[in-house]
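> Below is the sequence, then the predicted model.
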Amino acid sequence: MRITDVDGNRCVAFVTNTAGGQLADLELRHRRRARAEDRIRQAKATGLRNLPLHGFAQNQVWCELVSLARELVAWTQMLALTGDARRWEIKKLRFRLFSAAARLVRTGRRIVVRLPERWPWTGHILEGIARLDRLAAPT
């Protein structure tokens, strides 16, 4: 849709067959639809692409689990991550953060998570854990 980009200002063309209405309302409707399609794409990447079970009720539970997983990822991005990591797609999050080969170590009556030092995204994981620790506990 981009025609030109001069000094950070874009000229865009907006074409619709909707009769009447203000341009701002039509653009808002268009952006909401784009967000809905983004969420559908993310849900498919999370596990909604294939329904693995045979019965309707079982697949309904599967859909609820996919929805719950997607919500947990969204909250994690909002509360724990910063910068570009906040906008990473689920596939990138899965590869960079969720698949880190960490070890649980017991030491001094505590359980400690040991992350590999050479993993390029260890800093994002540690910063996210620190941000979650700084959050106020619910009362």
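Cool, got the structure.
> contacts, neighbours, all on C-alpha from now
Noted.
> The helix of greatest length in the chain - contacts with which helices or strands?
As assigned by DSSP state H, the longest helix anywhere in the chain is helix 56-79. When contacts are defined as 3 or more CA pairs under 8 Å, 6 or more residues apart in numbering; DSSP states H and E, helix 56-79 sits against helix 23-43, helix 122-134.
> Not counting it itself, show me its contacts.
42-43, 46-48, 51-53, 85-87, 90, 128, 131-132 (CA atoms under 8 Å, 6 or more residues apart in numbering).
> Which parts of the next helix or strand after that helix count as buried, going by neighbours?
Downstream of helix 56-79, the next assigned helix or strand under DSSP states H and E is helix 90-93. Residues 90, 93 are the ones in helix 90-93 that count as buried (16 or more other CA atoms under 10 Å).
> sorry, back to before: let me see the mean pLDDT of the longest helix of the chain.
For helix 56-79, mean pLDDT rounds to 93.
> part of a strand, is residue 11?
Yes - counting by DSSP: H, G, I helix; E, B strand; the rest coil, residue 11 falls inside a strand.
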